[in-house]
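Asks: What follows is a predicted structure for the sequence shown.
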2 protein chains.
Amino acid sequence: MALIVQKYGGTSVGNPERIKNVARRVAKFHAQGHQVVVVVSAMSGETNRLIALAKEISAEPDPRELDQVCATGEQVTIGLLSMALKEIGLPARSYTGGQVKVLTDSVFTKARILSIDDANLRLDLDAGMVVVVAGFQGVDADGNITTLGRGGSDTSAVALAAALKADECQIYTDVDGVYTADPRIVPEARKLDAITFEEMLEMASLGSKVLQIRSVEFAGKYKVKLRVLSSFEDEGEGTLITAEEESNMEQPIISGIAHNRDEAKLTMLGVPDEPGIAYRILSAIAEANIDVDIIVQNVGHDGSTDLSFTVNRGDFAKAQGILEKVKTELGARQVAGDNRICKVSAVGVGMRSHPGVASKMFKALADEGINIQMISTSEIKISVIIEEKYLELAARVLHNTFGLDQAV
Amino acid sequence: MALIVQKYGGTSVGNPERIKNVARRVAKFHAQGHQVVVVVSAMSGETNRLIALAKEISAEPDPRELDQVCATGEQVTIGLLSMALKEIGLPARSYTGGQVKVLTDSVFTKARILSIDDANLRLDLDAGMVVVVAGFQGVDADGNITTLGRGGSDTSAVALAAALKADECQIYTDVDGVYTADPRIVPEARKLDAITFEEMLEMASLGSKVLQIRSVEFAGKYKVKLRVLSSFEDEGEGTLITAEEESNMEQPIISGIAHNRDEAKLTMLGVPDEPGIAYRILSAIAEANIDVDIIVQNVGHDGSTDLSFTVNRGDFAKAQGILEKVKTELGARQVAGDNRICKVSAVGVGMRSHPGVASKMFKALADEGINIQMISTSEIKISVIIEEKYLELAARVLHNTFGLDQAV
């Protein structure tokens, strides 16, 4: 008998019929003698509907009240799923974040979980009940309802699994696992049986949308055994996300190729080569709440230097406007920008012990005539910025170069 | 400076534009220096939408989970209204029933309020904030979310007014007050400036749908000054509902004529005239959860008697089926029924000190050739059951007979 936390996203509970399907899946695990905690999102479209209502009232809705409104989406789902479970004979009880209680800080719309009280859940589980918990939400010390931000239900599930010391946290989604690359772009992409937390983190941050980043961080920190599975298939083991030391298999050098189309590049040309220049440019960008990804500063020559960085494509115009202002203040020569670029990355813990991965990657791209505009590396990933039109080609070439189409 | 509790129903908060209108109305009172607590219902249609979802999952949804689902309707409205208030510069904070907390018993879907903690609300009010509370809901001692049943938001408002010792509880609705009769039937009907709790109770129980019965009981018990107003008009004092002893005016004998079309009559003919017969018939009806209104047992003759009673028209067929079974057990002669009847009532605390009201009423009906089938009286009302086709005529005749078209 195991204790399993299962998380079902908005698509998996998108209508009453699908909710009944989830109930049947839960019943299967329950019948096998497992204790099951189910974490659910709002029915698909519901959170957007609620936000749209709020936007009709106020262009910038008060964050506390927005959370008060948006938290209802998951509350509806937990009630409906519990009804569905009882309807097929399973004792079940639903819990809002506040009822659990999932204590968070008071940063409305993007709160962080501080602690989880598992007392009531344990009593219910020990009594043979299925426990259904609203994802995405909690309550602060003053009893205000908070939400964890988009995708926060993954984090709720992992945090509950950690608090309950669950044997496994299963994230049911509309894909059947984590792939070596996006199968829509690289037809040879294979589903991975396992991937390390660190790799998954890099994959997520590089644009692979399977899991929310914070949930992976959380799982890594608290050593939660995390598995991604399809909610629309009955078979399949999905992808297990584990700590590196627990992984027995021979590590491949590269585990996957990630990509992100949502990129734009900005360059400030001819900046006086003085201390503090990068700070003055990037702080102006940060003050406008624009996230910066890769930053490259070229070695200065003739007393001036160039600074380039990437932002989300949606922030491109705004960032350009800011740079134009800063340019004048700094006495820089020119602002250049390009929003037709993309990022392609190779990720793998194996590269730690295998030098030469970068040069192999660069050669493969050069052989296809793909020019590399920027490079960013971490211990377990190498990212390159290239022209957007080469995205699919680059992903396929790298997937092939690192032998990802071969089963390990 | 007064402390006012205002309640807005589903139609008044039916869309974002109307919610903004409510915010402007609240702002007007706030600007006059009053402290305002606003109680809101779910947006119109929302509770029905949620119940329909639940019914798709289960023909008889688990009551606890149904409350978990349905309580979200009001939670959305409080968030949206608080945003709207802040948008026009008023400090505001929303509270679910649980956040207040409105403690109820654990009878899901029709819970009763046990106590209200007013501490946080008072702090907010004293800080100059508008407090927005979800009607219709509370929380039981175990932290389960409960609802008070349909129309429960009126009760929430009155209970909050009682707990806060508010100067007035204003119920905003789609009519501008309580009328001497239904204006759609009696064109001369006048809006009443005031009516006593007892009269309002009788009016409500007799089919006048302005206020939920429990809220009037509650207001009477805790001496809450209750006022019914239109949320679609800016002028008008509505109708004040007061304790009799507080009313200074000369009481009219009759305050209003109420009617209810939703009636059906059943008669068991030729029942052996023995003790316990009424109990045996009516307990069978009660076991089927059918509410009985008027009961009349004729004096027995030749060893047998007739028992008649009225039920909601929707329960007519079911009740008839039950009586057919009971008939055989009791050895009664026949079951008769009529679902084309209605009830017309004259209500007024003045009739306590004015004998002869009943005979005046019966004469007026007889003069029009309207046959009275059943009669039921209380200290302050007289109801008659008549053929449904005479409903409008009877209401107009009685309205005229008691001079209700004359301003007092």
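Replies: That came through, no problem.
Asks: distance between stretch A:304-314 and the chain's centre?
Replies: 24 Å (Cα atoms, centre = their mean, to the nearest Å).
Asks: Most distant residue from the centre of chain A?
Replies: residue A:302 (43.0 Å; Cα atoms, centre = their mean).
Asks: roughly how far apart are that one and residue A:333?
Replies: Residue A:302 sits at a distance of 11 Å from residue A:333 (criterion: Cβ to Cβ, to the nearest Å). No exception for glycine: its C-beta is placed from N, CA and C like everyone else's.
Asks: One more: residue A:18?
Replies: For residue A:18, the distance to residue A:333 - Cβ to Cβ - is 57 Å.
Asks: Which of the two has more residues huddled nearby?
Replies: residue A:18 (19 against 14; other Cβ atoms under 10 Å in any protein chain shown).
Asks: Excluding residues flanking it in the chain, which one is nearest that one?
Replies: residue A:12 (6.1 Å; Cβ to Cβ, 6 or more residues apart in numbering or on different chains).
Asks: where does that neighbour land in three-state SS?
Replies: Following DSSP: H, G, I helix; E, B strand; the rest coil, residue A:12 is assigned to coil.
Asks: Could you report the distance from it to residue A:184?
Replies: 20 Å.
Asks: Looking at those two, which has the bigger crowd around it?
Replies: Neighbours were counted for residue A:12 and for residue A:184 using other Cβ under 10 Å; residue A:12 has more, 24 against 9.
Asks: wouldn't the more buried one be in contact with residue A:230 here?
Replies: No: between residue A:12 and residue A:230 there is no contact under Cβ atoms under 8 Å: 9.2 Å.
Asks: And residue A:236, what's its pLDDT?
Replies: In the predicted model, residue A:236 carries a pLDDT score of 82.
Asks: Then residue A:286?
Replies: pLDDT, residue A:286: 87.
Asks: quick one: residue A:397 is in a helix?
Replies: Yes: assessed with three-state DSSP, residue A:397 lies in a helix.
Asks: which residues does it contact?
Replies: Residue A:397 is in contact with A:364, A:365, A:367, A:368, A:370, counting by Cβ atoms under 8 Å, 6 or more residues apart in numbering or on different chains.
Asks: which of the residues you listed count as buried?
Replies: Neighbour-count burial within these applies to A:364, A:365, A:370; the criterion is 16 or more other Cβ atoms under 10 Å in any protein chain shown.
Asks: For the strand ranked longest in chain A, buried residues please.
Replies: Looking across chain A with DSSP state E, the single longest strand is strand A:256-272. Within strand A:256-272, the residues scored as buried using 16+ other Cβ under 10 Å are A:256-260, A:262-271.
Asks: got it, and stretch A:139-153?
Replies: Those would be A:139, A:140, A:144, A:145, A:146, A:147, A:148, A:149, A:151, A:152, A:153, for stretch A:139-153 by 16+ other Cβ under 10 Å.
Asks: Mind picking the two most distant members of those?
Replies: Using Cβ to Cβ, those span at most 21.2 Å, a distance reached by A:144 and A:151.
Asks: Can you report how many residues lie near residue A:122?
Replies: Neighbours of residue A:122 (other Cβ under 10 Å): 15.
Asks: Give me the packing partners of the one helix or strand it maps to, helices and strands only.
Replies: Using DSSP states H and E, residue A:122 maps to helix A:119-126. In terms of contacts (3 or more Cβ pairs under 8 Å, 6 or more residues apart in numbering or on different chains; DSSP states H and E), helix A:119-126 is packed against strand A:35-40, strand A:92-95, helix A:97-100, strand A:130-134.
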